[in-house]
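Peer 1: After the sequence you'll find the predicted model.
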Amino acid sequence: MEKTVIGTGIFNLDIIVKRDYPEWPQLRPFTDNVVLEEVGGTCGNVMCMLSWMGWDARPIASLDDSEEGRKITEDLKHYGCDCRFVSNTPDGGTTMLRCTHKKTAEGGRKMSVRAGSPGGSRFPKRHFLRARDEAPVFMDQLIDVPLVFFFDDPAAGHRYLAREMKLKGCQLVYFEPSKVATNADLESIRVSDVIKFSDENVPDVSFTESFPDKVFIQTMGPKGVRYKYKGQPWEVVEALPIQNVVDTEGAGDCFSATFINAVAESGLALSSIPAAIRSAMENASRSVGYFGSKGFIRES
């Protein structure tokens, strides 16, 4: 079957800044230099990476018509995404994320993140398909059901799409929550096949006991990755050594894209999960050696 994916959720314009200290070890004065400015966000990154891997990737995004919103669309196209479901209108929303890489007084690494939207607002601005009208219209007009549906935000419209696509034959629904704390999060899990999260964002995994038909994946940084396959006990895959860490942002997105690509070829069977996770960990480990959130794509 053709590798097709539709994804929706978080699309940002990532502004990656490196803070230089000309009189180091003094922290002041410093100079902020923009290293990279391009599409980011979990869904944005996963769509770009899957496109790079040869998938027909079709993001759903309602962006505004600002210069920043148009740049996100241009970047998605640059990475090979099919943008038939991406719009730039005054009613859309665009979020900008400024990620500044700094040093601590001891010489360690740290990063500050500041969100905003075009025009100087300090608040993110996003528009998701509404469950009451826009999402049903989208499904009514959808001709080709994808092999995979990806989403990273538990909005009602996204849950609607996940449920309907599954009913129409989508083989894999992949949900990547930033937390599991609300009924919307739990309902998103209910309509998904694979749910992946980090131990930093979701430390308490007791909720997984209520979903014995799902595959859960929890990344744990230097402790590796563990997975729970359809009600069975958690299994751990040990972490890989990392030689050079430049930027950890986007490593989880590299993991998700690689895992999706792997299980699309091998199937979502218990026997195939460890190899898919190891492949995903390898790409995630490589990704941290680059600024920005596209990781191993920088090698091409």
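Peer 2: Sure thing, it's come through. Keep in mind that this is a model prediction, so the values were computed, not measured.

Peer 1: mind listing the helices in the chain by residue range?
Peer 2: 42-52, 67-78, 134-141, 156-167, 183-190, 251-266, 273-287 (DSSP state H).

Peer 1: thought Asp91 was touching Asp65?
Peer 2: No. At 9.2 Å, Asp91 does not count as touching Asp65 under the criterion of C-beta atoms under 8 Å. In short, each C-beta sits where N, CA and C put it, glycine included.

Peer 1: okay, these two: which has more neighbours?
Peer 2: Between Asp91 and Asp65, counting by other C-beta atoms under 10 Å, Asp65 is the more crowded of the two (16 against 9).

Peer 1: Quick check: that one vs Arg28, distance?
Peer 2: 39 Å (C-beta to C-beta, to the nearest Å).

Peer 1: One more: Gly119?
Peer 2: 30 Å.

Peer 1: With Thr208 instead?
Peer 2: Counting by C-beta to C-beta, the gap from Thr208 to Arg28 is 47 Å.

Peer 1: These two - which one has more neighbours?
Peer 2: Thr208 (19 against 7).

Peer 1: With adjacent residues omitted, what lies nearest to the more buried one?
Peer 2: Spatially, and ignoring its direct neighbours in sequence, Thr208 is nearest to Phe216 (5.0 Å; C-beta to C-beta, 6 or more residues apart in numbering).

Peer 1: Surely the one you found touches Gly231?
Peer 2: No. Judged on C-beta under 8 Å, Phe216 makes no contact with Gly231 at a distance of 10.1 Å.

Peer 1: Looking only at neighbour counts, state which of those two leads.
Peer 2: Taking Phe216 and Gly231 together and counting by other C-beta under 10 Å, Phe216 has the greater number of neighbours (20 against 11).

Peer 1: contacting residues for Ala156?
Peer 2: 130-131, 135, 184 (C-beta atoms under 8 Å, 6 or more residues apart in numbering).

Peer 1: Kindly report the same for Val39.
Peer 2: 11-14, 45, 48, 71-72, 75-76, 79.

Peer 1: May I ask which two of the residues you listed are separated the most?
Peer 2: With C-beta to C-beta as the measure, no two of the contacts of Val39 lie farther apart than Asn45 and Lys71, at 15.3 Å.

Peer 1: and those two? which has more neighbours close in?
Peer 2: Asn45 (31 against 19).

Peer 1: And for that one, nearest residue in space, chain neighbours not counted?
Peer 2: Going by C-beta to C-beta, 6+ apart, Asn45 has Asp253 as its nearest residue, at 3.8 Å.

Peer 1: burial measure for the closest residue in space to Val17 that isn't next to it in sequence, as a count.
Peer 2: Distance criterion C-beta to C-beta, 6+ apart; nearest residue to Val17, sequence neighbours excluded, is Thr100 at 4.3 Å. Residues near Thr100, counting by other C-beta under 10 Å, number 16.

Peer 1: Please report how far Thr100 lies from Ile15.
Peer 2: For Thr100 relative to Ile15 (C-beta to C-beta), the value is 9 Å.

Peer 1: Strands of the stretch 101-250 of the chain, start to end?
Peer 2: For the stretch 101-250 of the chain, the strands defined by DSSP state E, counting those that start in this stretch occupy 109-116, 148-151, 172-175, 194-198, 215-219, 225-229, 235-237.

Peer 1: got a list of what the residue nearest the centre of the chain touches?
Peer 2: Per C-alpha atoms, centre = their mean, the C-alpha nearest to the average position across the chain is that of Thr42, at 2.2 Å. Counting by C-beta under 8 Å, 6+ apart, Thr42 touches 9-10, 152, 176, 178, 252-253, 256.

Peer 1: give me that answer again for 7 Å
Peer 2: 9-10, 152, 176, 253 (C-beta atoms under 7 Å, 6 or more residues apart in numbering).
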